[in-house]
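>>> build me a model from this:
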Amino acid sequence: MSTDWFLAGRYLKVRRNAVSWITLTSVVGVTLGVAVLMIVLAVMTGFTDLMKSKLVETQAHFQVLPAFGRITDRRAAVERTEAAGNGEVVAAPVIIAPVLVQYAPHRLDPRMTVMAFDSENDLPRLAEKGRFRFDELLVERLPGDLPGRRGVVVSAATAREWGVAAGDKIYLHSAEKLTSLIKLDKGKVSLNPDAPAYLPEEFVVRGIYSAGKYDFDRQMIFLDFDDAADLFGYRYREATLLLGWGADAFNQRQLLASLREKLPAGLVVRGWEENNRQLLGVLAVEKRMMFFLLIFIVLVAAFSIANTLITSVFQKTREIGVLKAIGASDGTVRRIFLLQGFLIGVIGSGCGILFGWLVIRFRNDILHTVSRLTGSELFPKEFYYFNELPAKILASDVLFIVAASVLLCTLGALIPAMRAARLDPAKALRYE
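A predicted model of the protein is given here:
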């Protein structure tokens, strides 16, 4: 072991004096800073990955939309899309449209959206093939159910809010038919005398699902394709768009480029990342901002290290004078104090990684315990969409945190190291 490393390690040993205890607190500061950075970045990464997974599970890999209006021949559009995908694509025509739900005589819910599949792509088949992944899906035939009786599948969260169960009736209002009842003429509102009589469509709840993503569960209800076409007044062959699934949702750049090249100009292809670009961009910016803000914790620890080593330089003036008197160069003295900052950074980073890993490992247990003690839900799914706190540790994040922490701690020791290197050995021995 070289003299530089030996003396740097010796000066870090905890002894009964103020400098050593301040050094210990500096290590603790680095530990907490690294742990907080690691926990926050792991949670942000886990949240982003889980959000991407849920988006793919509830939105398909890509969409094929008409440039204007609706797809007029859904069968032909499906054949073109699957042919353009060279056998790697499965497409399904759907009707997606907003709807007003009446679930009680005087209770309406305007937040709902209808998603309807044809008979070849009904909900149980899609769930079985993994096109849509549900935490829970129960679609049952009701007692006395007659062929042609129209039904809907709603989420467990919506069913609880509406107070309905399998077998109960709800009524769906088409926004297009409702607006056709009103005539707007030069800012005046009146009833449209040419509009046909309109009544809401009656449906029975035939199934309950849960996708595990609160915003999707809260707004999406499923219908049969023909029932949705009747509700919105669409022709038999029409669809609002196609949902498509490829081999890999996270590596489909070439597939999307092939589809855009081969499909007619009237059809637009959008990948799931493009449809959610704003959300994914916000998550990426939040992760970078959290790192930028929390790195200041480590920066404060670096200033604490500088303060500790400045005090150490003054207390060890005589020792520094002896070292220089026996031949130690300015560079050797400088390295001794720089290595002290480096070792504090390494020790603090190691302890911080261990502490951060333990917190991440038992994060949900800690969360549930704090929730029980405080009597409040710290992670409400209404705001965060998921039932538990996600987290994922990336090796690149850990290496970046450690590198930044060790660098800041070493730089924090730079000023004390330069001060020690400039000491005159004769003056140091004379006055000490």
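
>>> for the stretch 151-300 of the chain, which spans come out with low pLDDT?
For the stretch 151-300 of the chain, no stretch has pLDDT under 70.

>>> mind listing the strands for it?
151-155, 169-174, 182-185, 188-191, 201-210, 220-224, 241-245, 267-271 (DSSP state E, counting those that start in this stretch).

>>> who are the packing partners of the last one?
In other words, strand 267-271. strand 62-66, helix 74-84, helix 253-262 (3 or more CB pairs under 8 Å, 6 or more residues apart in numbering; DSSP states H and E). All C-beta atoms are positioned from the backbone trio N, CA, C, and that covers glycine.

>>> go again using 7 Å as the cut-off
Contact analysis of strand 267-271 by 3 or more CB pairs under 7 Å, 6 or more residues apart in numbering; DSSP states H and E lists strand 62-66, helix 253-262 as its packing neighbours.

>>> mind giving me JSON lines with the ones you listed and columns for distance to residue 127 and mean neighbour count?
Shown next, in JSON lines, are the helices and strands packed on strand 267-271 (distance: least, CB to CB, whole Å; neighbours: other CB atoms under 10 Å):
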{"stretch": "strand 62-66", "distance to residue 127": "19", "mean neighbour count": "21"}
{"stretch": "helix 253-262", "distance to residue 127": "23", "mean neighbour count": "15"}
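
>>> do you know which of these lies nearest residue 247?
Proximity to residue 247, assessed across the helices and strands packed on strand 267-271 by CB to CB, is greatest for helix 253-262 (7.7 Å).

>>> nearest to residue 104, of the strands of the stretch 151-300 of the chain?
Comparing the strands of the stretch 151-300 of the chain by CB to CB, strand 169-174 comes nearest, at 9.0 Å.

>>> adding distance to residue 194, write the helices and strands packed on strand 267-271 out as TSV.
Converted to TSV, the helices and strands packed on strand 267-271 look like this (distance: least, CB to CB, whole Å):
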stretch	distance to residue 194
strand 62-66	28
helix 253-262	42
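
>>> so which of these gets nearest residue 245?
Among the helices and strands packed on strand 267-271, strand 62-66 comes nearest to residue 245, with 8.1 Å by CB to CB.

>>> what strands flank that closest one, and is each parallel or antiparallel?
strand 241-245 (antiparallel), strand 267-271 (antiparallel) (DSSP bridges).

>>> ranking those strands by burial, who's on top?
For the strands paired with strand 62-66, the largest average neighbour count (mean count of other CB atoms under 10 Å) is found in strand 241-245, namely a mean of 24.

>>> right, so of the helices and strands packed on strand 267-271, which gets closest to residue 215?
strand 62-66 (17.9 Å).

>>> do you know the pLDDT at the closest residue to residue 279 other than its chain neighbours?
Ranked by CB to CB, 6 or more residues apart in numbering and with sequence neighbours excluded, the top spatial neighbour of residue 279 is residue 51, at 7.4 Å. Looking at residue 51, its pLDDT is 83.

>>> hmm, back to that, any chance of the strands paired with strand 62-66 in a markdown table, with distance to residue 304 too?
Rendered in a markdown table, the data for the strands paired with strand 62-66 read as follows (distance: least, CB to CB, whole Å):
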| stretch | distance to residue 304 |
| --- | --- |
| strand 241-245 | 54 |
| strand 267-271 | 48 |
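
>>> contacts for the longest strand along the chain next, please.
What stands out as the longest strand in the chain, according to DSSP state E, is strand 90-104. If you take CB atoms under 7 Å, 6 or more residues apart in numbering as the criterion, strand 90-104 is touched by 64, 71, 74, 77-78, 81-82, 108-110, 112-118, 121, 162, 164, 170-175, 200, 225, 228-229, 232, 234, 239-245.

>>> please pick the buried ones from those residues.
When the contacts of strand 90-104 are checked for burial by 16 or more other CB atoms under 10 Å, the buried set is 64, 71, 74, 77-78, 81-82, 109, 112, 114-118, 121, 162, 164, 170-174, 200, 225, 228-229, 232, 234, 239-245.
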